[in-house]
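Undergrad: Predicted model follows, preceded by the sequence.
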Amino acid sequence: MENNIQLFRLERNSWYLLAQLARDRANKMESSFPLKEEVYHTSDKFAYEKHLEIDSELRQIFIVVGWLEATAVEETELFEQEVSFKNTLREFQRDNRKKEMDPDAFLRGFSLHPNDKEDERRLLKSLWTLVRAGQVDKAAELCRLSNQHWRAATLTPNQLYFDPNLTGESNQMEILAVEGNNFRNLWKLKCKILSQQPEITSYEQAIYSVLSGEIPDSLWSCAPKVFHTWEDSLWARYKVLLNSKQNQIFMEYVSPDSEDISVADSGIVYQEKDIFESVRKEFKLNKGVEYYFRIIQERIILGETERMFKDIRSWLPEMSPVDRLEMNEREKKAFIQEVERVLPNPNLLRFFAHLALFFYSNRLPDYNPENDSFENQITEILLFYWQYLADCTPRQIPLVTLYTSKLPRNIQVEFYSHYLKDIQQTKERKSCLLLAEEYNLDVASITKRVVELIRFDPQGKGRENEMDRDISPEDQTKIQAIEWLCFDTSRSLEALLQANRLAREFISDGRLKAANMLITVKYTAKIDPSVQNNAVREHNCLKQYLASLNYYQEWFSFDEMEDSETTKEELAKRAKDQIRKTLFGQLGDSSFLEDKKEKVDVEDPDRSQQILFLKKRCIPELYYLWHRLCLALDDPEESLDLINIVADENRRHYSYFSQEQLQRLLELARGSCLVFLQTGNDPIGFTIY
C-alpha cells in the first residue's frame with residue numbers, strides 16, 4: 001500500500017509537470033526581435049513579465065520552479081506558538097549583569113535558553129517548509145503570529161518593483177502608486193551576507209540563501225539536513241538559475257549602469273543538464289519506484305522525448321509482445337511474473353503506456369516487428385501494457401478494448417482477436433463486440449479472425465479418426481466460436497462460411513458427432529432466401545450427408561424386439577431416400593457438393609481441395625450404404641443399377657472412386673447378380689425362358 005501511495009503521488013506530480021510544460025510548448029511565442037524601446041529603463045516587474053512572454057527558456061525555468069513549489073509536501077502542523085525568548089529573559093532578570101536581546105545579539109555570542117532555542121528551531125523549520133513551497137508571504141505571517149515581526153520584515157522585500165508611471169499607464173494629470181521594492185538588490189545582498197554567518201542554523205541559512213539567489217557550498221554539504229529529497233535539491237538549483245536570469249534582465253533593461261549582485265562564486269552551474277547531473281550525484285537513487293519517475297521527470301523538463309521512451313523500452317522485457325500472442329496459461333502467468341520482476345510496481349507499466357498515448361496516440365504508423373524504429377518502440381510499450389491487462393484475472397474487457405483502439409490500425413484485429421478467442425460466455429462476447437463498435441474497431445474482421453484462430457487451434461490437432469467418438473472440449477470450443485458471427489445479422493453469411501469450413505474439417509477428420517452438433521445450428525435462417533450462393537448449397541449438402549449417415553445408423557441399430565411405431569423396413573426406405581437426395585438433390589437435378597456458379601462467394605484458397613477430398617470420401621461411402629440398403633429391402637435390381645448411376649457421364653461420380661473402390665463396387669454388383677441367378681433369372685435380372 002505504501003509503495004502504491006508513493007507511486008500515485010509521483011505520477012500525479014509528473015502529469016502536473018507535463019501538463020504545464022506541454023501547454024507552454026504548444027502555445028509558445030518566440031521572437032527573434034529585440035524588445036521595444038518602451039521596455040528599457042522601466043521597472044523590474046514590467047521588464048520581467050515582458051521577457052516571460054517571449055523567452056521560452058525563461059518560462060520553462062519559471063514553470064519548473066512553480067511545479068516544485070506546488071508539489072512540495074507541507075507539514076501537517078506548523079509551529080504557531082509565540083517565540084519571544086521568555087525563558088532567556090527570565091534568566092537575564094535574575095542576572096544583574098547588563099545583557100542585550102536584540103535580533104542580532106546571537107551574532108555577538110549571545111546564547112538562548114535551551115527551551116527557547118528549541119522553539120526557534122521548530123519555527124525556522126516551519127518557515128523553511130513554507131519558503132520551500134513558495135509561500136513566503138505565509139512564512140512572514142507565521143513570523144508575526146510568533147511575535148517575530150523583525151524576522152517577517154526580512155522575508156517580505158522580495159516583491160519586484162513596478163512603477164506604472166514609467167509604462168504610460170497614467171495620464172499627465174495623475175500619478176499612480178508604485179509597488180514592490182526598489183532596493184531589492186540591496187536586500188538580496190544583505191540576505192547573502194546573513195546566510196554566510198556561521199552562527200545561524202542550517203534552516204535559517206537555507207532560507208536566506210534561497211532568498212538571495214545564491215547557495216554556498218557549505219549548505220550543500222549539509223544537504224540531508226535541509227534538502228531532504230530530490231525535489232528539494234532540484235528546486236534550490238532552479239531557484240538560483242531563475243535568479244540569475246532575472247539579474248541578467250534587470251542589468252540589461254532596467255538598470256544597465258548599476259552594480260550587479262554577482263552569482264559567479266556560488267558554485268552553481270547554469271546549464272539545466274548540469275543541474276540534473278549535480279542532483280544525481282547528490283541523491284543516488286536505488287532502482288525503486290522513485291528512480292524511474294526521476295529519470296522521466298528529467299527527460300520531460302529537458303524536452304528529451306525520444307530518449308525518455310528509449311529508456312522506458314530498455315526497462316521492459318526484451319522479448320517483443322508480438323511474440324507472446326500464442327501464450328498458454330502457464331506462459332501468461334510467467335509473463336506477469338516477469339513484468340513484476342523487472343518493475344518494482346506494475347502500475348509503472350500503466351504510466352509508461354499513458355505517456356506513450358499522450359505523445360503519440362494520433363500519429364503512430366503501422367507496426368512492423370522487423371523495424372527497430374522509434375515509433376515501433378512506442379508501440380511496444382503500449383503492447384506490453386495491453387498484454388498485461390489481457391493476462392489479468394479477472395478479465396479487464398473494457399480496458400483491453402479501450403487500449404486496443406489506441407494501437408496502430410494494422411495490429412488491432414490480430415491482438416483483439418487473440419484476446420477474444422478465450423472468452424466463452426455469450427454475455428461477455430456480446431459485451432466485447434459492443435465495446436469494439438464503440439471504439440471504432442473493425443468488428444467484421446475481428447469476429448472472422450476469432451473464429452479462424454479457434455478453428456486452427458493447434459490443441460485440437462492430432463486426434464485419432466473415430467467415427468463414433470464423443471465431442472471433445474476443443475471441438476465444442478470451435479463450434480461455440482461461430483457465435484461471434486451470429487450477434488450481427490449482417491455477418492450471417494460469414495457465419496455460414498466459417499461453419500462450412502469447420503464442418504469440412506470435422507467430416508474430413510471423422511468427427512461426425514461434432515459435425516452433427518455444428519450443423520444443427522440454423523445458420524441460414526438469417527440469410528436472405530433470394531441469395532442462392534455456393535455457401536448455402538454447400539451447407540445444405542453437408543447437412544444432407546450427415547442426415548444420410550444418421551438415418552442409416554438408426555436403421556442399422558434398430559432392434560425389432562423394442563416397441564416402436566416404425567418398422568425396420570420403413571427406416572431402410574427413409575435412409576435410402578435420404579442418400580438419393582444427398583447425391584442428386586431434392587429434385588434430382590444436382591450433384592453432391594457441386595457449385596451452382598463458377599465464382600466462389602468469398603476467397604478461400606483451400607476450399608477447392610477440401611471439397612474434392614470430401615467428394616472422394618463421401619460419395620463412394622454413400623453408394624456402398626445405398627447398395628446395402630437395397631439388399632436389405634430385397635431390391636437387387638436397384639443395387640445393380642448403381643453401376644450405371646456411377647458410370648453416368650453427366651454426374652461423373654466414378655471420377656471420385658479409386659481403382660480399389662471401383663473394384664469393390666463391382667464385387668458388390670456381382671453379389672446382386674448371384675441373387676438373380678438364385679431366383680432363376682439371368683445375371684442382370686431378366687427372366688430366362
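TA: Received the coordinates, thanks.

Undergrad: Please give the element, helix or strand, for Lys117.
TA: helix 114-132 (DSSP states H and E).

Undergrad: who touches Glu438 in this structure?
TA: Taking CB atoms under 8 Å, 6 or more residues apart in numbering, we find Glu438 in contact with Thr401. In this view, the C-beta of every residue, glycine as well, is placed from N, C-alpha and C.

Undergrad: Repeat the analysis, applying 10 Å as the threshold.
TA: Pro398, Thr401, Leu402, Ser405 (CB atoms under 10 Å, 6 or more residues apart in numbering).

Undergrad: tell me which of those is nearest to Val342?
TA: Leu402 (24.5 Å; CB to CB).

Undergrad: Show the contacting residues for the closest one.
TA: Neighbouring residues of Leu402 by CB under 10 Å, 6+ apart: Trp386, Leu389, Gln396, Leu435, Glu438, Tyr439.

Undergrad: just Ile423 next, same as before
TA: Per CB under 10 Å, 6+ apart, neighbours of Ile423: Arg395, Ile397, Arg429, Ser431, Cys432, Val450, Ala481, Trp484.

Undergrad: Let's have the residues you listed in JSON lines, adding secondary structure and pLDDT.
TA: Below are these laid out as JSON lines (DSSP: H, G, I helix; E, B strand; the rest coil; pLDDT from 0 to 100):
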{"residue": "Arg395", "secondary structure": "coil", "pLDDT": "89"}
{"residue": "Ile397", "secondary structure": "helix", "pLDDT": "93"}
{"residue": "Arg429", "secondary structure": "helix", "pLDDT": "92"}
{"residue": "Ser431", "secondary structure": "helix", "pLDDT": "93"}
{"residue": "Cys432", "secondary structure": "helix", "pLDDT": "93"}
{"residue": "Val450", "secondary structure": "helix", "pLDDT": "91"}
{"residue": "Ala481", "secondary structure": "helix", "pLDDT": "88"}
{"residue": "Trp484", "secondary structure": "helix", "pLDDT": "87"}
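
Undergrad: List only buried entries from these.
TA: Buried by 16 or more other CB atoms under 10 Å: Arg395, Ile397, Arg429, Cys432, Val450, Ala481, Trp484, out of the contacts of Ile423.

Undergrad: Let me see the ranges of the helices in the stretch 351-500 of the chain.
TA: Assigned by DSSP state H, counting those that start in this stretch, the helices in the stretch 351-500 of the chain fall at 374-390, 397-404, 409-420, 426-438, 443-455, 473-481, 492-508.

Undergrad: want to try JSON lines for these, with distance to Gly134 as columns?
TA: Shown next, in JSON lines, are the helices of the stretch 351-500 of the chain (distance: least, CB to CB, whole Å):
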{"stretch": "helix 374-390", "distance to Gly134": "34"}
{"stretch": "helix 397-404", "distance to Gly134": "38"}
{"stretch": "helix 409-420", "distance to Gly134": "46"}
{"stretch": "helix 426-438", "distance to Gly134": "44"}
{"stretch": "helix 443-455", "distance to Gly134": "52"}
{"stretch": "helix 473-481", "distance to Gly134": "61"}
{"stretch": "helix 492-508", "distance to Gly134": "63"}
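
Undergrad: Of the ones you listed, which is nearest Phe293?
TA: Comparing the helices of the stretch 351-500 of the chain by CB to CB, helix 374-390 comes nearest, at 15.8 Å.

Undergrad: mind saving the C-alpha coords of that closest one as PDB?
TA: Extracted C-alpha coordinates of helix 374-390, given in PDB (Å, rounded to 0.1, in the frame of the first residue of the first chain):
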ATOM      1  CA  PHE A 374      11.500   4.800 -32.500                       C
ATOM      2  CA  GLU A 375       7.800   4.600 -33.400                       C
ATOM      3  CA  ASN A 376       7.900   0.800 -33.000                       C
ATOM      4  CA  GLN A 377       9.400   1.200 -29.600                       C
ATOM      5  CA  ILE A 378       6.500   3.400 -28.600                       C
ATOM      6  CA  THR A 379       4.100   0.800 -29.900                       C
ATOM      7  CA  GLU A 380       5.800  -2.000 -28.000                       C
ATOM      8  CA  ILE A 381       5.400   0.000 -24.700                       C
ATOM      9  CA  LEU A 382       1.700   0.200 -25.400                       C
ATOM     10  CA  LEU A 383       1.600  -3.500 -26.300                       C
ATOM     11  CA  PHE A 384       3.300  -4.500 -23.000                       C
ATOM     12  CA  TYR A 385       0.600  -2.800 -21.000                       C
ATOM     13  CA  TRP A 386      -2.100  -4.300 -23.300                       C
ATOM     14  CA  GLN A 387      -0.700  -7.800 -22.800                       C
ATOM     15  CA  TYR A 388      -0.500  -7.200 -19.100                       C
ATOM     16  CA  LEU A 389      -4.200  -6.200 -19.000                       C
ATOM     17  CA  ALA A 390      -5.200  -9.100 -21.300                       C
END
